[in-house]
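>>> pasting the structure only:
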């Protein structure tokens, strides 16, 4: 059990980081978009070994099913595939910012004494997620309704932006 | 060696840094949006890892809200990029300088 989790963590981590690097460094942006899909799948696998079953399925549905298709459609509609994805003038500065952030985060993570519970949770998360979202006293009903309004506003906004005059 | 909370947090930090580099360095606006999606995924990994190692479900609730906002952001962002492409025939972030002072 533990060996399986460890092995799948390393496989998924290597696949996720490698495909994220491919998204950033490949010149062919259509291949970059396909590697982005692979990265989303690796993150869904990470959710599975973190015993977040509902989120793993939601990750596949929302990111792989919806956002990846949106991005591939946008790539095809903008027809920039021949030009590739060149880096800008501030490439070195951006690399510096990313590297400094990574080093700072690793120092913070390794330097903190985490009070972690190592035993894995045993029951599925879907019903406890629903309890946390919709319970009367300390639930997230108001943020949930605001999220619904946000999605509606985003849909209407996208339609208005792209409507033929 | 067993995998602990630190492993997930460092994986999340690595993915976030890759996305940060892509969002800052790339010129194609769609690739910038793809890098932002990688950053949001990295944050979700950290949220779910904290939720798993504290047995509190709140981290996963926040991950759901991050997904909702990411979906809205992708839809509006790509609509803006397509609208700009229609009027200016480019999605190069260095050539879209309409609002630069």
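Arrived safely. The model shown is predicted, which means the values in this text are computed figures rather than measured ones.

>>> Below-threshold pLDDT in chain B: ranges please.
B:1, B:101 (pLDDT under 70).

>>> Are the longest helix seen in it and chain A in contact anywhere?
Longest helix in chain B by number of residues (criterion: DSSP state H): helix B:58-88. Yes - interface with chain A: helix B:58-88 contributes B:58, B:60-61, B:63-65, B:67-76, B:78-83, B:85 (CB under 8 Å from any CB of the partner chain). Where C-beta positions appear, they are placed from N, C-alpha and C, glycine not excepted.

>>> Just list what that helix packs against, helices and strands only.
Where contact means 3 or more CB pairs under 8 Å, 6 or more residues apart in numbering or on different chains; DSSP states H and E, helix B:58-88 is packed against helix A:53-59, helix A:68-78, helix A:126-134, helix A:141-162, helix B:29-54.

>>> Just the buried residues of that helix, please?
Within helix B:58-88, the residues scored as buried using 16 or more other CB atoms under 10 Å in any protein chain shown are B:59-65, B:67-68, B:70-82, B:84-85.

>>> cool, and stretch A:156-165?
Result for stretch A:156-165 [16+ other CB under 10 Å]: buried residues A:158, A:161.

>>> Averaged pLDDT, that stretch. What do you get?
Stretch A:156-165 carries an average pLDDT of 87.

>>> can you give me how far that stretch is from the chain middle?
27 Å (CA atoms, centre = their mean, to the nearest Å).

>>> residues making contact with that stretch?
B:75, B:76, B:78, B:79, B:80, B:82, B:83 (CB atoms under 8 Å, 6 or more residues apart in numbering or on different chains).

>>> repeat for stretch A:13-27
Under CB under 8 Å, 6+ apart, the answer for stretch A:13-27 is A:31-33, A:35-36, A:38-39, A:42-43, A:46, A:84-86, B:7, B:11, B:14-15, B:18-19, B:21-22, B:25-26, B:31, B:34-35, B:38.

>>> show me the contacts for residue A:131.
Neighbours of residue A:131 in contact, by CB under 8 Å, 6+ apart: A:139, B:57.

>>> How is residue 23 classified with respect to secondary structure?
You didn't pick a chain, so chain A it is. helix (DSSP: H, G, I helix; E, B strand; the rest coil).

>>> and it, how many neighbours does it have?
Counted by other CB atoms under 10 Å in any protein chain shown, the residues lying close to residue A:23 total 28.

>>> One more: residue B:8?
Quick note: residue B:8 (other CB under 10 Å) scores 23 neighbours.

>>> tell me what the helix or strand hosting it is packed against?
Take DSSP states H and E as the rule and residue B:8 turns out to sit in helix B:5-25. Helices and strands touching helix B:5-25, by 3+ CB pairs under 8 Å, 6+ apart, are helix A:2-25, helix A:29-49, helix A:91-111, helix B:29-54.

>>> Looking at those, which is nearest to residue B:3?
Ranking these by proximity to residue B:3 (CB to CB) places helix A:2-25 first, at 4.5 Å.

>>> Buried ones in that closest one, by neighbour count?
Neighbour count says helix A:2-25 has A:5, A:9, A:12-13, A:15-17, A:19-25 buried, by 16+ other CB under 10 Å.

>>> which ones are touching the residue most central in space within chain A?
A centroid search over chain A (CA atoms, centre = their mean) returns residue A:40, at 6.0 Å, as the residue closest to the centre. By CB under 8 Å, 6+ apart, the residues touching residue A:40 are A:59, A:60, A:63, A:64, A:67, A:68, B:41.

>>> mind running it again at 7 Å?
For residue A:40, the contacting residues are A:59, A:63, A:64, A:68, B:41, by CB atoms under 7 Å, 6 or more residues apart in numbering or on different chains.
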